[in-house]
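> dropping the sequence and predicted coords here.
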Amino acid sequence: MRTVHHFIDGKAVAGTSGRFGDVFDPNTGAVQARVNLASVDEMNAAIASAAIAQKDWAAVNPQRRARVLFEFKRLVERDMDVLAALLSAEHGKVLADSRGDVQRGLEVIEFACGIPHLLKGDHTLGAGPGIDVFSMRVPLGVVAGITPFNFPAMIPMWMFGPAIACGNAFILKPSERDPSVPVKFAELMMEAGLPAGVLQVAHGDKDAVDAILDHPEIKAVSFVGSSDIAHYVYSRGTANAKRVQAMGGAKNHAIVLPDADMDQTVADLVGAAFGSAGERCMALPVVVPVGEGTAETLRSRLLPEIAKLRIGVSTDAQAHYGPVVSAAHKARIENYIQMGVDEGAELVVDGRGFTLQGHEGGFFVGPTFFDHVQPTARSYQEEIFGPVLQMVRADSFEAALALPSRHQYGNGVAIFTRNGPAARAFAANVEVGMVGINVPIPVPVAYHTFGGWKRSAFGNSNIHGPEGVRFYTKIKTVTQRWPSLNAGDGVIDSSFVIPTMK
Ligand code: NAD
């Protein structure tokens, strides 16, 4: 059986912990590989050699660092089909969606290619008599990223692209459920000219994460995953005086006003609720029609579209979505469906018990649609992360606005309407970090910045864009004055008070 190794100091390294995780083929349910799980000692060794490599890397000028990323982008594009196939085989998302996963990450690499410009500091000539002040952004040292299973290409690139461009070394601890694409990225970065040790990929579970959080050499941690773990990572990392950005779970709402373009809204909703089997933190698992008429129209228009959905293996080019990531996750989703029934919602389409002929062991869940879901229901309040769409009816704009605003999560939200002032008021007042107006999945482009509110993100920093550059650097400010070349000229007497501009 294939073993997924760590990638340390520029080469594949077999683990020494004796611990492994199973990597499944979600299409069949079979174990297709095993992945090394690093011990604390292995993690510490990877961090120690990254710290040595970082010193030289930080001294490489930003333009040369950018050239490595330009070349990495070319290599990823060259290998796009191989990467997408590997990603789909471990994650289960369909191939076109895997290409999108790689492409959205590459867009952050493109942004990071502009690092010479992004790192330019500020300069004030003549801040005082003969005094100039300038500030510069310098790398932090060794930083780390801990990533979830659902975007095994995009999210690592969100992190290591800007971090490495800024002159840091990066320890990547990818999800142990689909660990192969991140290793390929490390190989391609070497091929692109990155020195050994600047990007280390160490696989693992809680032991590896705790080693990162406790190691004094790690200066900043980026995390994306579920909220309880995000909170844990944030608490433990900041207690150890690290900079931490920890993105968590989500439950994004689609608000539909009576004047929405219903054809487009239905098309957008079906794609955003069921695409990637609902395993996206920017999916739309809740729809809130405003008014009974809107609810009835939407329901009658959604049902035939849901009936048309094709569920298939990840290599099926006609499939709208593939299997979910694991048997445990499939069981969790089906438990939430039962919970919804027990809580009294109307189960209009039941995706439980779905099997694909010839792939009976695969982790497939059929599309599921609930109507008349109450905001008090636990199945509404918690993240399901599967192909389940819940309809919560609202009788007014204000009631609809309150639902995502009061929800524990605040990652994304979308409003569908032709009413400009209503959309504007919604965007201004909703308590959510990323808002779409007639845009179902408002993941900001790479040169803006990504982040939710409330239990969807812990820490004060968004990921990628200018915020990413700020997160992976610290500022040094220099105040300088040069003595006259003629000894004794212009000597200023000692001063015993704080210098001011008075
Ligand atoms: P997860 O929280 O189970 O795992 C994320 C990472 O944490 C993995 O690398 C995993 O190895 C590690 N981990 C797991 N348990 C741990 C523990 N007890 N201690 C320390 N580390 C631990 O998340 P997942 O199932 O891989 O991903 C799905 C979740 O990620 C969903 O909740 C989804 O909403 C969220 N997500 C959020 C965003 C965002 O930007 N807000 C983006 C993508 C995914």
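Thanks, I have the structure now. Keep in mind the model is a prediction, meaning the values are calculated, not measured.

> what residues does the stretch 1-150 of the chain put near the ligand?
Contact residues, the stretch 1-150 of the chain versus the ligand (Cβ under 6 Å from any ligand atom): 146-150. Placement of C-beta: from N, CA and C, glycine included.

> is the closest residue to Ser39 other than its chain neighbours part of a helix or strand, or is it coil?
Closest residue to Ser39 apart from its sequence neighbours, by Cβ to Cβ, 6 or more residues apart in numbering: Ser17 at 3.8 Å. State at Ser17, reduced to three classes by DSSP: H, G, I helix; E, B strand; the rest coil: coil.

> quick one, what contacts Ser17?
Residues near Ser17 by Cβ atoms under 8 Å, 6 or more residues apart in numbering: 36-39, 42, 207.

> now these in CSV, with pLDDT?
Below are the contacts of Ser17 laid out as CSV (pLDDT from 0 to 100):
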residue, pLDDT
Asn36, 98
Leu37, 98
Ala38, 98
Ser39, 97
Glu42, 97
Asp207, 97
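
> looking at the residues you listed, which has the most residues close by?
Ala38 (27 neighbours; other Cβ atoms under 10 Å).

> returning to what we had before: out of the contacts of Ser17, which are inside strands?
The members of these that map onto strands under DSSP state E are Asn36.

> so Gly459 sits against Ser235, correct?
No. Using Cβ atoms under 8 Å as the test, Gly459 is too far from Ser235 to be in contact (10.7 Å).

> so the two - more neighbours on which side?
Gly459 (21 against 14).

> mind checking how far the residue nearest to Leu356 when sequence neighbours are not counted is from Val324?
Nearest residue to Leu356 in three dimensions, chain neighbours excluded: Phe364, at 5.3 Å (Cβ to Cβ, 6+ apart). Here the criterion is Cβ to Cβ, to the nearest Å. By it, Phe364 lies 8 Å from Val324.

> what touches both of those two?
With Cβ under 8 Å, 6+ apart as the test, Phe364 and Val324 both reach Lys330.

> wait, Ala12 sits on Val183?
Yes. Counting by Cβ under 8 Å, Ala12 does reach Val183; the two are 7.4 Å apart.

> any shared contact partners between these two?
His5.

> of those two, which one has the most company?
Legend: neighbour count by other Cβ under 10 Å for Ala12 and Val183, higher for Val183 (20 against 14).

> pretty sure that one sits against Leu199.
No. Here Val183 does not reach Leu199: they are 10.5 Å apart, not a contact under Cβ under 8 Å.

> mutual contacts of those two, please.
Phe7.

> quick one: pLDDT of the residue in the stretch 151-300 of the chain that the ligand sits nearest to?
Nearest residue of the stretch 151-300 of the chain to the ligand: Gly225, at 2.6 Å (Cβ to the nearest ligand atom). pLDDT recorded at Gly225 is 98.

> Pro483 too?
85.

> what sits against it?
Gly490.

> make 523 the first number, not 1, from now on.
All right, first residue 523 from here; so that's Pro1005.

> which stretch of helix or strand covers it?
Counting by DSSP states H and E, no helix or strand carries Pro1005.

> surely Arg587 and Ala687 touch.
Yes. Assessed by Cβ under 8 Å, Arg587 is found in contact with Ala687 at 5.7 Å.

> for stretch 638-649, measure first residue to last.
End-to-end distance of stretch 638-649 (Cα to Cα, to the nearest Å): 25 Å.

> average pLDDT for it?
pLDDT averaged over stretch 638-649 gives 95.

> ok, and what's touching it?
By Cβ under 8 Å, 6+ apart, the list of residues contacting stretch 638-649 reads 583-585, 588, 654-659, 687-688, 988, 991, 995, 997, 1001.

> same thing with stretch 808-826?
Applying Cβ under 8 Å, 6+ apart, the contact partners of stretch 808-826 are 773-780, 782, 784, 787-788, 791-792, 795, 870-871, 891, 893, 895, 902, 911-919, 921-922, 925.

> give me the buried entries from the residues you listed.
773-780, 782, 784, 787-788, 791-792, 795, 870-871, 891, 893, 895, 902, 911-916, 919, 922, 925 (16 or more other Cβ atoms under 10 Å).

> so which of these sit within helices?
784, 787-788, 791-792, 795, 902, 919, 922, 925 (DSSP state H).

> what about the helices in the stretch 573-722 of the chain?
Residue ranges of the helices in the stretch 573-722 of the chain, as given by DSSP state H, counting those that start in this stretch, are 584-600, 602-613, 617-634, 637-640, 676-687, 702-713.

> give me the domain ranges for the chain.
For the chain, automatic domain parsing gives the domain ranges 524-770+978-1000, 775-959.

> in a markdown table: the ones you listed, plus distance to Met1023.
Below are these laid out as a markdown table (distance: least, Cβ to Cβ, whole Å):
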| stretch | distance to Met1023 |
| --- | --- |
| domain 524-770+978-1000 | 7 |
| domain 775-959 | 39 |
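
> the closest residue to the ligand within the stretch 523-672 of the chain: neighbour count?
Nearest to the ligand in the stretch 523-672 of the chain, going by Cβ to the nearest ligand atom, is Pro670, at a distance of 3.0 Å. For Pro670, the count of nearby residues is 23 (other Cβ under 10 Å).

> and for Leu878?
Neighbours of Leu878 (other Cβ under 10 Å): 19.

> alright, calling it a day.
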